[in-house]
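K.L.:
Predicted model and sequence follow; I will ask about them next.
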Amino acid sequence: MTRPRIVGLTGSIGMGKSTVAAMFERAGVPVFDADAQVRAMQGPGGELVGAIEAAFPGTTGPEGVLRDRLGQLVFGDAAALARLEAIVHPAVARRRAEFLIEHAAAPLVVFDIPLLFEKGGHDQVDAVVVVSAPAEVQRARVLARPGMTPEKFGQILALQVPDEEKRERADHVIDTGVSLAETEAAVHDLAARLAHPQD
Ligand SMILES: CC(C)(COP(=O)(O)OP(=O)(O)OC[C@H]1O[C@@H](n2cnc3c(N)ncnc32)[C@H](O)[C@@H]1O)[C@@H](O)C(=O)NCCC(=O)NCCS
Ligand SMILES: Nc1ncnc2c1ncn2[C@@H]1O[C@H](COP(=O)(O)OP(=O)(O)OP(=O)(O)O)[C@@H](O)[C@H]1O
C-alpha cells in the first residue's frame with residue numbers, strides 16, 4: 001500500500017512554525033497541525049475537557065480549558081506536565097492516523113509537531129524540517145505576545161531541545177530570520193523537491 005511521504009515540521013517556540021506550515025499549505029501540501037487539534041479538543045465541548053478538569057480541577061470553564069491557567073500549573077512542574085501529556089498525546093496520535101487515511105493519495109503531507117524531537121516523533125517521519133531564526137529574533141517575537149513573560153519564556157525554552165541541536169538533527173532547515181517572501185520561496189522550493197525526491 002502506498003502512503004504519502006511524511007515530513008515532520010518542528011521548531012522551538014516563536015521560530016515561525018505556524019507561519020511556515022501555512023506556506024506549505026499554500027504550496028498545496030496537506031498539513032496536520034498538532035497544536036490546532038489540541039486547541040480544538042480543549043475548546044468548548046471538546047473531548048479532552050472532562051479529563052483535564054478531573055486531573056486539574058478549576059482549569060476549565062464553559063469556554064473549555066483555560067490554557068493560561070493550565071500553563072501556569074504545568075510549565076514549571078514536570079510531573080504535572082507529564083500527567084497532562086498522558087491525557088493529550090494519545091488523542092493527538094489518533095487524529096494524526098485519521099488525517100493520514102484521509103490524505104492517503106497525496107504524494108506529500110506535513111505533520112506540524114512542536115515537540116517532534118522531544119517526544120521521539122522524528123522516528124516516525126520520512127524527513128524532518130526545522131524552522132529556525134537567530135535567538136534574539138525568537139526572543140523578541142515571543143516577548144511581544146500577550147500574556148508572555150521572560151519567566152514563562154525561560155520555562156518553556158528549558159523544556160525544549162535547543163535550537164542548535166534541532167538544526168543539527170534536521171534534514172532541512174528553513175530560515176525564518178529573513179523576509180516572509182524569502183521564507184515562502186524557500187518553502188515552495190523545498191515542497192517541490194520533497195514531493196518528487198527522485199528528481
Ligand atoms: C499547557 C497548555 C494548555 C498551555 O497553553 P498555552 O496556550 O499557554 O501555550 P502554548 O500551547 O502556545 O505553548 C507555548 C509553548 O510551549 C510549548 N509546549 C507546549 N506543551 C509543551 C510540552 N508538553 N512540552 C514542552 N513544550 C511544550 C509549545 O510548543 C509552545 O512553544 C498547552 O500547551 C497544552 O495543552 N500542552 C500539552 C499538550 C502538548 O504537548 N502540546 C504541544 C504539542 S501537540
Ligand atoms: N521570514 C519569516 N518566516 C516566518 N515567520 C516570520 C518571518 N518573518 C517574520 N515572521 C513572524 O514571526 C512570527 C512567527 O510566529 P509563529 O506563530 O509562526 O511561530 P511558532 O513557531 O508557530 O510559535 P509557537 O511555537 O510559539 O507556537 C509571526 O508573527 C510571523 O509573521
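P.N.:
Happy to help now that I have it. Numbers count the residues shown, from 1 in each chain. Ligands and ions are numbered 1, 2, ... in the order given.
K.L.:
Could I get the full set of helices for the protein?
P.N.:
Ranges of helices in the chain, per DSSP state H, are 17-26, 34-42, 49-55, 67-74, 78-102, 135-143, 150-159, 163-169, 180-195.
K.L.:
what angle separates the longest one from helix 67-74?
P.N.:
Note on geometry: by axes from the mean of the first three to the mean of the last three Cα atoms, to 10 degrees, helix 78-102 and helix 67-74 are set 130 degrees apart in direction.
K.L.:
what sits up against helix 78-102?
P.N.:
For helix 78-102, contacts defined as Cβ atoms under 8 Å, 6 or more residues apart in numbering pick out 3-4, 6, 30, 32, 34, 37-38, 41-42, 47-48, 51-52, 55-56, 70, 73-75, 109, 111, 119, 159. All C-beta spots, glycine's among them, are computed from the backbone N, C-alpha and C.
K.L.:
That helix near ligand 1 anywhere?
P.N.:
Yes. Using Cβ under 6 Å from any ligand atom, helix 78-102 reaches ligand 1 at 81, 84-85, 88, 92.
K.L.:
Next: the third one.
P.N.:
No. Using Cβ under 6 Å from any ligand atom, we find that helix 49-55 stays clear of ligand 1, coming within 8.1 Å at best.
K.L.:
mind listing what's buried in that helix?
P.N.:
For helix 49-55, the neighbour count (16 or more other Cβ atoms under 10 Å) marks 49, 51-52 as buried.
K.L.:
Adding pLDDT and distance to ligand 2 as columns, could you present the residues you listed in a markdown table?
P.N.:
Listed next are the buried residues of helix 49-55 as a markdown table, based on pLDDT from 0 to 100; distance: Cβ to the nearest ligand atom, whole Å:
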| residue | pLDDT | distance to ligand 2 |
| --- | --- | --- |
| Val49 | 98 | 21 |
| Ala51 | 98 | 23 |
| Ile52 | 98 | 20 |
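K.L.:
Give me the buried entries from the residues of helix 78-102 next to ligand 1.
P.N.:
Burial by neighbour count, judged by 16+ other Cβ under 10 Å, picks out 81, 84, 88, 92 from those.
K.L.:
List just the nearest of those to ligand 1.
P.N.:
Val88 (4.1 Å; Cβ to the nearest ligand atom).
K.L.:
pLDDT score assigned to that closest one?
P.N.:
We note a pLDDT of 97 for Val88 in this prediction.
K.L.:
One more: His196?
P.N.:
On pLDDT, His196 comes in at 82.
K.L.:
Can you get me a residue count around the nearest residue to it once chain neighbours are set aside?
P.N.:
Excluding the flanking residues, the one nearest His196 by Cβ to Cβ, 6 or more residues apart in numbering is Pro107, at 7.6 Å. When neighbours are counted by other Cβ atoms under 10 Å, Pro107 registers 14.
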